[in-house]
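# Show me the folded form of this:
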Amino acid sequence: MSSLRAPIAAVLMLSAGPAAATFSIVACDRNGNCGVAVATNNLAVGASVPYAQARVGALVSQFETNPSYGPTGLALLASGTTPEATLNTLLDRDGDFDGQTIAARQVGIVAANGRTASFTGAEAQASAWAGALGGDGYSVQGNGLAGAQVLAAMQRVFASTSGTLAERLMAALEAGERAGGQSTGKLSAALLVRTVDGDWQDIDLRVDAAAEPVKDLRRLMERHYALQAMLGAERQMRKGLKAEARMSVSEALRRSQGWDRIWRRAARLAMAMDDHAAALDYLGVLLSLNPVWGRIEIEEGLYAPLHDNPLFMSWR
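Got it, this is the predicted structure:
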């Protein structure tokens, strides 16, 4: 991790204004997937703070966000510019956006090769607690925090957690929140991951305003993986891999977070596998989650083989 512009930050030291209070992690894994997890007490953090591109890198611009940093930074990284040089260029071109100088910027950058750079301007540094930590393939940064333990917890958990990049980023964000998070409150959170596979494997989830944004973001991520598991189950069924499909359905239901659509698809897949008992179980849950959609669903022709079942008929 590189911490640049320290002399400038010292010269520009100003009295602290209202704390913007943001904490984030940017990271890339060895496969080239890159992403960001971020939380703040401002509105809709996912709309402007996180940027990522597979096989290129990821970055955040926070405290006082300059929205040009994201596209410009990714373009520079894609051209082969190092994170350190990219950061210097961004700061040099800041242009005092929105009446703010680089003293109000906090930036974290990671390249797909694992190199990182970070910057915390004087105004950001003067918030309740601010700083950055980094390692091979990741950087954590925050301002307006409860203390140094927030970033330390994020670093420790990210480095020790297994799973996909999104799961590790989410775990790190949760660790930061458990360690005290923001000193001024919480409002929004976001998880952005650009994968080498792209398309539906990418993750762009946002909680724009909520009492518990990080918890809500976890639920959204679980639902993303529930859908991925269900799609996998359907592909496996088409290939005749019933045992594998059943395992994938179990994974989808485990992570569904009460998502009615997942239970509906599970019921339909169970019928396709002639597993009527499972279909009845899944339909029962669907009816409890969404009675209107459940009653519409059971009128579908694919459930005709269940018409002699007393439980099924009691639902009609």
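# in the stretch 1-150 of the chain, which spans are strands?
Assignment of strands within the stretch 1-150 of the chain using DSSP state E, counting those that start in this stretch yields the ranges 22-28, 34-40, 50-53, 57-63, 105-111, 116-120, 131-135, 138-143.
# Columns mean neighbour count and mean pLDDT on top of those strands, output as JSON lines?
All C-beta spots, glycine's among them, are computed from the backbone N, C-alpha and C. Below are the strands of the stretch 1-150 of the chain laid out as JSON lines (neighbours: other CB atoms under 10 Å; pLDDT from 0 to 100):
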{"stretch": "strand 22-28", "mean neighbour count": "31", "mean pLDDT": "97"}
{"stretch": "strand 34-40", "mean neighbour count": "30", "mean pLDDT": "98"}
{"stretch": "strand 50-53", "mean neighbour count": "25", "mean pLDDT": "98"}
{"stretch": "strand 57-63", "mean neighbour count": "31", "mean pLDDT": "97"}
{"stretch": "strand 105-111", "mean neighbour count": "30", "mean pLDDT": "98"}
{"stretch": "strand 116-120", "mean neighbour count": "26", "mean pLDDT": "98"}
{"stretch": "strand 131-135", "mean neighbour count": "21", "mean pLDDT": "96"}
{"stretch": "strand 138-143", "mean neighbour count": "30", "mean pLDDT": "98"}
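# closest to Pro291 out of those strands?
Closest approach to Pro291 among these (CB to CB): strand 34-40, 34.8 Å.
# So which other helices or strands are in contact with that closest one?
Under the contact definition 3 or more CB pairs under 8 Å, 6 or more residues apart in numbering; DSSP states H and E, strand 34-40 sits against strand 22-28, strand 50-53, strand 57-63, helix 165-178, strand 188-194, helix 213-238.
# related to what we said a few turns ago, in JSON lines: the strands of the stretch 1-150 of the chain, plus distance to Thr164.
Conversion of these to JSON lines gives the following (distance: least, CB to CB, whole Å):
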{"stretch": "strand 22-28", "distance to Thr164": "11"}
{"stretch": "strand 34-40", "distance to Thr164": "10"}
{"stretch": "strand 50-53", "distance to Thr164": "14"}
{"stretch": "strand 57-63", "distance to Thr164": "15"}
{"stretch": "strand 105-111", "distance to Thr164": "17"}
{"stretch": "strand 116-120", "distance to Thr164": "20"}
{"stretch": "strand 131-135", "distance to Thr164": "19"}
{"stretch": "strand 138-143", "distance to Thr164": "14"}
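# Between the helices and strands packed on strand 34-40, which one is closest to Asp260.
Asp260 lies closest to helix 213-238 among the helices and strands packed on strand 34-40, at 10.9 Å (CB to CB).
# Tyr282 belongs to a strand?
No: under DSSP: H, G, I helix; E, B strand; the rest coil, Tyr282 falls outside any strand and is assigned helix.
# so who does it touch?
Counting by CB atoms under 8 Å, 6 or more residues apart in numbering, Tyr282 touches 253, 263-264, 266-267, 270.
# which one of the residues you listed sits closest to Tyr69?
For those, the nearest to Tyr69 is Leu253 (40.8 Å; CB to CB).
# give me the element the closest one is part of.
helix 242-254 (DSSP states H and E).
# close enough to count as contact, Val150 and Ala179?
Yes: counting by CB atoms under 8 Å, Val150 touches Ala179, with 4.7 Å between them.
# Identify the bridge partners of the residue sitting nearest the centre point of the chain.
Centroid check for the chain by CA atoms, centre = their mean gives Leu191 as the closest residue, at 1.8 Å. Legend: beta-bridge partners of Leu191 under DSSP bridges are Ala37, Leu205.
# one step back: so how far is the helix holding Leu253 from its chain's centroid?
Computed by CA atoms, centre = their mean, to the nearest Å, the chain-centroid distance of helix 242-254 equals 24 Å.
# Check stretch 59-73 too.
Using CA atoms, centre = their mean, the offset of stretch 59-73 from its chain centre is 17 Å.
# list the buried ones in stretch 268-278?
268-271, 275, 278 (16 or more other CB atoms under 10 Å).
# returning to that earlier point: Throw the contacts of Tyr282 into TSV and include distance to Leu227, secondary structure and pLDDT, thanks.
Formatted as TSV, the contacts of Tyr282 follow (distance: CB to CB, whole Å; DSSP: H, G, I helix; E, B strand; the rest coil; pLDDT from 0 to 100):
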residue	distance to Leu227	secondary structure	pLDDT
Leu253	12	helix	98
Trp263	12	helix	98
Arg264	12	helix	98
Ala266	12	helix	98
Ala267	15	helix	98
Ala270	17	helix	98
